[in-house]
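S.K.: need coordinates for the below:
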Amino acid sequence: MRFGLVAALGLPLLTSRAFAEGEPLTQLPPPSPARSTWSSPELPPPHPMTETTMAALRRPCGQLLGAHCHDGLYLRLAVGPGSVALFGDGPRGKASFLGFAAGQTIALGGTAVGEGLVVAAAISGASGVGTFSGGPVGTNGLALIELAALGVLVDWYPVPRDGWHLGGIWAIGMTWAADASGSAFSAAAPSASILGGYDWWTSPQWSQGILLAVSASTPATMKDAVGSDSGYSIGALAFVLQWSALYH
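M.R.: This next block holds a predicted model:
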């Protein structure tokens with residue numbers, strides 16, 4: 001205990017003497033800062049939102065290139081089997097035609113209005129052979145029928161990433177017929193089509209699918225080869241189930 005008391009009294013004296021004589025004091029290292037065992041990870045700074053990025057987010061598919069999205073350029077090629085019917089009046093009363101047919105559709109346009117809404121120019125047609133009745137003697141029997149239409153197609157995809165679509169074609173239609181006697185007749189009239197189906201993606205921009213189209217034209221006077229009235233007033237109805245290839 002006596003040694004402890006001497007040490008306690010002597011330490012201040014030695015320190016004062018060293019300071020007076022100019023001796024340096026022993027420097028203790030500064031205390032290290034306290035470190036927490038929990039540390040948050042370093043996060044990268046937020047990416048600036050450019051106009052291009054904002055425009056991409058506003059697109060229906062949220063991608064710059066529109067992959068697997070129905071937007072931009074629209075090109076459809078379709079072909080498939082169906083049936084054609086003609087109905088109306090002839091020189092001897094009611095006249096009609098019914099037969100199998102092959103149909104084609106070509107459309108070119110783009111998504112110009114809204115999301116998934118397409119406006120395009122379209123050419124459609126159907127041709128077939130079937131039974132014609134109601135004409136003069138010698139004209140009944142097998143006949144050849146061809147339908148064609150040139151107009152505007154509107155096609156709508158409710159969900160641009162999905163394949164379901166529904167639309168229509170408003171066009172000027174042409175009906176051409178050749179009866180069993182070898183006589184040919186033609187008429188032009190307004191026509192309309194309702195179409196719809198589903199397209200399966202086969203690549204980022206191409207898809208394939210099934211297209212169902214029902215077309216009709218109003219009755220019109222058919223002219224013969226020299227432009228005279230043939231006595232027929234015929235309307236047309238076509239039902240076609242097509243395989244379709246689409247770039248969109």
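
S.K.: quick one, helices of this protein?
M.R.: 2-20, 51-58 (DSSP state H).

S.K.: would you single out the least confident of these?
M.R.: Ranked by mean pLDDT, these bottom out at helix 2-20, with a mean of 44.

S.K.: which regions of the chain sit below the pLDDT cut-off?
M.R.: With pLDDT under 70 as the threshold, the chain has low-confidence stretches at 1-66.

S.K.: all strands for it, in order.
M.R.: 73-90, 93-111, 117-133, 141-156, 164-178, 184-201, 206-223, 229-247 (DSSP state E).

S.K.: can you redo those strands as a markdown table with mean neighbour count and distance to residue 67?
M.R.: From N, CA and C alone the C-beta is placed, and that goes for glycine too. Putting those into a markdown table (neighbours: other Cβ atoms under 10 Å; distance: least, Cβ to Cβ, whole Å) gives the following:
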| stretch | mean neighbour count | distance to residue 67 |
| --- | --- | --- |
| strand 73-90 | 19 | 13 |
| strand 93-111 | 18 | 14 |
| strand 117-133 | 19 | 18 |
| strand 141-156 | 19 | 20 |
| strand 164-178 | 20 | 18 |
| strand 184-201 | 18 | 9 |
| strand 206-223 | 19 | 11 |
| strand 229-247 | 20 | 13 |
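
S.K.: report the contact partners of the residue nearest to residue 166 when sequence neighbours are not counted.
M.R.: Take residue 166 and drop its neighbours on the chain: the residue closest to it by Cβ to Cβ, 6 or more residues apart in numbering is residue 196, 4.2 Å away. By Cβ atoms under 8 Å, 6 or more residues apart in numbering, the contact list for residue 196 reads 164-167, 211-212.

S.K.: with residue 124 instead?
M.R.: Residue 124 sits next to 103-106, 148-149, 169, 171, 193, 213, 215 when contact means Cβ under 8 Å, 6+ apart.

S.K.: in the sheet, which residues pair with the residue nearest to residue 247 when sequence neighbours are not counted? Tell me.
M.R.: Among residues not flanking residue 247 along the chain, residue 75 sits closest, at 4.4 Å (Cβ to Cβ, 6+ apart). With DSSP bridges as the criterion, residue 75 is bridged to residue 108, residue 247.

S.K.: correct me, but residue 75 touches residue 248?
M.R.: Yes - Residue 75 is within contact range of residue 248, at 7.2 Å (criterion: Cβ atoms under 8 Å).
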